[in-house]
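Colleague: Okay, here's the prediction I keep looking at, along with the sequence it came from:
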Amino acid sequence: MSNNTERDVDFKKKYNKNFKKTRKQQHVPEELSRDKLRKKIRDMKRLLRRDNLEANYRQELERSLKHYEMEFENKSKINSKINIEEKYSEKYKFVKFLEFKKAIKNFRHVKKQLNELEDTDAEKRLALEKQLEKSILDLNYIEHFPKDQKYISLFPKTKITNENIIKKRNSIRFRIKEAVKSGELVDVSIPRNRNVARKSLIKGVNASVKQNLLNRQNKGTVNIIIIYNFFFIKSLDIYVL
């Protein structure tokens, strides 16, 4: 009986492609943190300072050291980028929230004018369509502005006159426009996408307000802003204990 079973297994192994073979568990190397990489690099450098190392072992150590140094540099760049993104996200979240609110108002106003316009007025329709295109780009610009760069306002209190800043803003607007057109970035002028962007902005601003409130330890009156929804903002004074 056992011989027949063995023959069946051998037959399956030979002719059945789907026969499951027992696989050895492969060792997955641990991904090292920056601190562990730093320690490993330091230990290797200390070891390489010895004079009694064999040539082959020294070469192997030098190769490993180069690999770990590159890995450490890459992780440092990634961490630096994340830190910059978090910094600018916190700094500009309320500015972007207000600008997004204003851009939506402009977008809806132009859209309403287009819907109410008579078909005979072709010249005005063309002008409004250009305005609508600009309003759509404004929304996408605010939502998709590069997170690792200082935000360049669309509606600044003081008009921007610096040509380099204007050129940079126009360049970013063009790149975002092309990315939205190609489908690489979502178009937030579409209601379902706009709702997601809007909720994200509200969540970010409210989280910032709560954190600032928690950080205040001294007694005093603090003016805070509570966002009930995107178009209703309530400002009130509270007494912090």
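Modeller: Okay, I see it.
Colleague: quick check: longest helix of the protein.
Modeller: helix 55-116 (DSSP state H).
Colleague: Please enumerate the strands of the protein.
Modeller: Assigned by DSSP state E, the chain shows strands spanning 220-229, 232-240.
Colleague: of all those strands, which has the lowest average per-residue confidence?
Modeller: In terms of average pLDDT, strand 232-240 trails the rest of these, at a mean of 40.
Colleague: Now residue 34: closest residue in space, sequence neighbours ignored.
Modeller: Nearest residue to residue 34, sequence neighbours excluded (Cβ to Cβ, 6 or more residues apart in numbering): residue 75, at 5.1 Å. Every C-beta, even on glycine, is put in place using the N, C-alpha and C of the backbone.
Colleague: List the contacts of that neighbour.
Modeller: By Cβ atoms under 8 Å, 6 or more residues apart in numbering, the contact set of residue 75 is 33, 34, 37.
Colleague: So among those, which ones count as buried?
Modeller: The neighbour-count test (16 or more other Cβ atoms under 10 Å) marks residue 37 as buried among the contacts of residue 75.
Colleague: Looking at the contacts of residue 75, which is nearest residue 132?
Modeller: Nearest to residue 132 among the contacts of residue 75: residue 34, at 48.0 Å, using Cβ to Cβ.
Colleague: Quick check, that closest one in contact with residue 72.
Modeller: Yes. The pair residue 34 / residue 72 is scored as a contact, 6.5 Å apart, by Cβ atoms under 8 Å.
Colleague: re the thing from before, mind putting the contacts of residue 75 in CSV, distance to residue 131 and pLDDT included?
Modeller: Below are those laid out as CSV (distance: Cβ to Cβ, whole Å; pLDDT from 0 to 100):
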residue, distance to residue 131, pLDDT
33, 51, 81
34, 49, 80
37, 53, 87
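Colleague: among the contacts of residue 75, which are in helices?
Modeller: Reading helices off the contacts of residue 75 with DSSP H, I get 34, 37.
Colleague: Distance to residue 62 for the contacts of residue 75 - can I get that in a markdown table?
Modeller: Output for these, formatted as a markdown table (distance: Cβ to Cβ, whole Å):
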| residue | distance to residue 62 |
| --- | --- |
| 33 | 23 |
| 34 | 21 |
| 37 | 16 |
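Colleague: Let me know the closest of the contacts of residue 75 to residue 148.
Modeller: residue 34 (19.1 Å).
Colleague: Identify the residues contacting the closest one.
Modeller: 72, 75, 76, 79.
Colleague: Buried subset of the residues you listed, written for PyMOL?
Modeller: Buried residues within the contacts of residue 34, by 16+ other Cβ under 10 Å, are selected in PyMOL with:
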select buried, resi 72+75
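Colleague: Report the two of the contacts of residue 34 separated the most.
Modeller: Of all pairs in those, the most separated under Cβ to Cβ is 72 and 79 at 10.5 Å.
Colleague: Alpha carbons only: can I get stretch 65-76 in PDB?
Modeller: Only the C-alpha atoms of stretch 65-76 are listed here, as PDB (Å, rounded to 0.1, in the frame of the first residue of the first chain):
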ATOM      1  CA  LEU A  65      30.500  49.800   4.200                       C
ATOM      2  CA  LYS A  66      29.900  51.500   0.900                       C
ATOM      3  CA  HIS A  67      26.500  49.700   0.600                       C
ATOM      4  CA  TYR A  68      25.400  50.800   4.200                       C
ATOM      5  CA  GLU A  69      26.600  54.300   3.600                       C
ATOM      6  CA  MET A  70      24.500  54.600   0.500                       C
ATOM      7  CA  GLU A  71      21.500  53.100   2.300                       C
ATOM      8  CA  PHE A  72      22.000  55.600   5.200                       C
ATOM      9  CA  GLU A  73      22.200  58.500   2.800                       C
ATOM     10  CA  ASN A  74      18.900  57.400   1.000                       C
ATOM     11  CA  LYS A  75      17.100  57.100   4.300                       C
ATOM     12  CA  SER A  76      18.400  60.500   5.400                       C
END
